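In: How does the following fold in three dimensions:
(one chain, ligands or ions: 1)
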Amino acid sequence: MTNAASAGGCLRCRLGKKSARDQTTEEDDAVSMMKSDIRKTGKFYHDQLSDTIGDTPLVRLRNIPREHGVEATILLKLEYFNPTGSVKDRMAVYVLKEAIRKGELKPGGTIIEATSGNTGAAVAMFAAANGYKAVLTIPDKMSAEKVDTLRAYGAEVHICPTAVPPDSPESYYETARRILESTPGAYMLGQYHNLDNIKAHYMTTGPELYEQTEGGRFDVFVAGIGTGGTMSGTAKYLKEKRPEIEVVAVDVEGSVYYQYFKEKTVGEGRPYLVEGIGDDMLCPTVDFSVIDAMYQVNDEQSFRMARDLARKEGILAGGSGGSALHAALEHGRKLTADKTVIVIVPDNGTKYISKMYSDAWMAEKGFLK
Ligand code: PMP
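Out: Residues are numbered from 1 along each chain as shown. Have a look, this model is predicted:
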């Protein structure tokens with residue numbers, strides 16, 4: 001088998017050659033492990049599923065922008081092409097490999113994490129393939145599909161109440177912390193405070209998007225913020241390369257980020273139904289300095305937009321993808337036809353078939369007119 005990396009055609013190969021930053025650091029090794037290219041190794045297969053993370057496609061919307069009076073080109077980066085169906089595969093596997101490299105996660109050890117489901121799936125997939133035990137805490141508002149998926153990977157799952165403050169002993173954060181303290185040798189990934197979360201996207205999603213767009217040939221980057229890792233790391237890389245790229249963050253009504261961005265005050269969080277974005281506390285993994293504008297989208301707008309995306313473009317995304325697209329279209333109405341907007345679609349709609357894709361569920365919540 002020839003070494004196709006030297007031909008320079010494939011994005012996965014080019015990223016694997018440490019081209020994102022011309023220095024040989026241990027962090028680069030972690031990325032090239034993740035981006036390992038089968039042709040570089042002389043094999044015609046991947047050594048494990050997590051080696052297929054990244055290199056996700058950009059797809060143009062053909063119908064929805066016109067209907068919303070948007071002339072700019074809207075491209076979706078479909079992160080559900082990652083192996084467990086979400087953007088969080090990038091972060092979880094990067095952070096876990098870093099923890100293994102630093103000796104914080106020992107062979108056969110237990111990985112503990114508080115998750116809205118997608119990080120948990122990534123952790124559980126990596127744990128199953130590499131001989132670790134996964135113990136995950138998840139709020140009870142998350143879909144049954146997500147919880148069942150974690151158990152299908154063999155993870156131990158603890159379901160915690162959603163409607164309690166983050167510092168309540170019952171919250172999914174505090175439950176995870178207690179399990180960590182009582183489990184000898186356990187490692188907590190800690191996506192809400194671990195700055196490797198931002199770094200994962202700075203090292204992978206940012207360079208990938210920059211190369212995919214032939215040196216950042218686009219104008220606006222739109223991403224929802226949950227932990228903020230995706231937006232912060234990707235935008236930091238893009239801003240360093242092309243400061244004129246405008247970064248638009250998306251929050252959900254009920255979360256505290258929007259008010260903090262506008263007024264620098266932290267309000268009370270209120271429960272909301274969109275999964276994966278927003279929070280009831282400020283996370284250090286949100287880098288507000290890279291955000292140019294922020295939109296706040298509500299549950300109904302998010303779900304209706306995701307359902308439209310499925311019916312009018314054939315793209316089945318999760319609710320947070322609907323939030324991001326709703327904001328992108330609102331912003332896009334201010335842009336001229338020569339502009340290009342890239343929107344992160346974090347996960348797959350199959351995770352929400354019993355909720356936002358169910359007419360009965362939508363009617364029960366009062367979202368179907
Ligand atoms: N959408 C969904 C469905 C998610 O699970 C997450 C992760 N919590 C996000 C968006 C936001 O990603 P991040 O945590 O990197 O901000």
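
In: need the contact list for whichever residue of the chain sits closest to the ligand.
Out: Proximity of the chain to the ligand (C-beta to the nearest ligand atom) peaks at Gly276, 2.3 Å away. Glycine gets a C-beta too; all of them are placed from N, C-alpha and C. Contacts for Gly276 (C-beta atoms under 8 Å, 6 or more residues apart in numbering) come out as 116-118, 224, 226, 318-320, 346-347.

In: Of these, just the buried ones, PyMOL syntax please.
Out: Applying 16 or more other C-beta atoms under 10 Å to these, the buried members can be selected in PyMOL as follows:
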select buried, resi 116+117+118+224+226+318+319+320+346+347
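
In: Which ones among the contacts of Gly276 lie within strands?
Out: Counted as lying in strands by DSSP state E, out of these, are Gly224.

In: Distance check, the residue of the chain closest to the ligand against Gly321.
Out: 9 Å (C-beta to C-beta, to the nearest Å).

In: Skipping its backbone neighbours, what lies nearest the residue positioned nearest the centre of the chain in space?
Out: Geometric centre of the chain, nearest residue: Val87, 3.6 Å, by C-alpha atoms, centre = their mean. Leaving aside its chain neighbours, Val87 sits nearest to Glu79 (3.7 Å; criterion: C-beta to C-beta, 6 or more residues apart in numbering).

In: and that neighbour, how many neighbours?
Out: A count of nearby residues for Glu79, using other C-beta atoms under 10 Å, gives 27.

In: so who does it touch?
Out: Contacts of Glu79 by C-beta under 8 Å, 6+ apart are 56, 86-87, 90, 344-347.

In: cool, and Asp347?
Out: Per C-beta under 8 Å, 6+ apart, neighbours of Asp347: 79-80, 85-88, 118, 276, 317-318, 320-321.

In: same thing but at 10 Å, please
Out: By C-beta atoms under 10 Å, 6 or more residues apart in numbering, the residues touching Asp347 are 78-80, 82, 84-89, 116-118, 121, 146, 275-276, 317-321.

In: Tell me the secondary structure at Asp251.
Out: strand (DSSP: H, G, I helix; E, B strand; the rest coil).

In: tell me, how many neighbours does it end up with?
Out: Other residues close to Asp251 by other C-beta under 10 Å number 26.

In: I'd say it and Gly269 touch.
Out: No. Contact criterion C-beta atoms under 10 Å: Asp251 and Gly269 do not qualify, at 11.0 Å.

In: Name the residues contacting each of those two.
Out: Each of 257, 278-279 lies in contact with both Asp251 and Gly269 under the rule C-beta under 10 Å, 6+ apart.

In: Quick one: name the residues of the protein near the ligand.
Out: Neighbours of the ligand within the chain, by C-beta under 6 Å from any ligand atom: 86-88, 116, 118, 224-231, 275-277, 318, 320, 346-347.

In: now do 8 Å
Out: For the chain, the residues in contact with the ligand (C-beta under 8 Å from any ligand atom) are 86-88, 91, 115-119, 191, 197, 201, 223-232, 275-277, 285-286, 318-321, 344, 346-347, 351.

In: Out of these, list just those in helices.
Out: Among the residues of the chain next to the ligand, the members found in helices (DSSP state H) are 88, 91, 118-119, 197, 201, 229-232, 319-321.

In: Ala310: which of those residues is nearest?
Out: Gly321 (10.1 Å; C-beta to C-beta).

In: Could you count how many residues lie near the closest one?
Out: Other residues near Gly321 come to 29 when the count uses other C-beta under 10 Å.

In: Alright, that wraps it up for me.
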